[in-house]
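1. structure, please.
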Amino acid sequence: MERGHLPPRLMETSDLDTIRAALDSGISLFDTAPLYGDLSREWISEYIIGKGLGPNHNRVVISTKFGRRTT
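-> This is a model prediction of the structure:
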């Protein structure tokens, strides 16, 4: 989903709602990487997933990648 035109706070609110809806639907695998999302804010994807999961973090598997540098 292309959301580059939305302000960061609005994007985060939408992302949190999506994560919580996924949990409510039984989704238990979240795939992420530091380069996903706003490239000016590295690790924002992991931060938002952690915030969205909250105390439910022990109910899911989080897959992430590393090693690629941004320039």
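2. can you pull out the helices in this protein?
-> 8-24, 44-53 (DSSP state H).
3. who's in contact with the shortest one?
-> By C-beta atoms under 8 Å, 6 or more residues apart in numbering, the surrounding residues in contact with helix 44-53 are 12, 15-16, 18-20, 23, 30, 32-34, 36-38, 57, 59-60, 62, 64. Glycine gets a C-beta too; all of them are placed from N, C-alpha and C.
4. cool, stretch 19-27 as well?
-> With C-beta under 8 Å, 6+ apart as the test, stretch 19-27 has contacts from 30, 48-49, 52-53, 56, 59-60.
5. could I have the buried ones of the residues you listed as PyMOL selection syntax?
-> Of the contacts of stretch 19-27, the buried ones go into a single PyMOL selection, burial set by 16 or more other C-beta atoms under 10 Å:
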select buried, resi 30+48+49+52+53
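6. which of the contacts of helix 44-53 count as buried?
-> By 16+ other C-beta under 10 Å, the contacts of helix 44-53 give 12, 15-16, 19, 23, 30, 32, 34, 36-37 as buried.
7. want to throw those into TSV with pLDDT and distance to Ile44?
-> Listed next are these as TSV, based on pLDDT from 0 to 100; distance: C-beta to C-beta, whole Å:
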residue	pLDDT	distance to Ile44
Glu12	73	8
Asp15	86	9
Leu16	89	12
Ile19	92	13
Leu23	94	20
Phe30	91	14
Thr32	84	10
Pro34	71	8
Tyr36	70	8
Gly37	64	5
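8. could you identify the most distant pair in the contacts of stretch 19-27?
-> Ile48 and Arg59 (17.2 Å; C-beta to C-beta).
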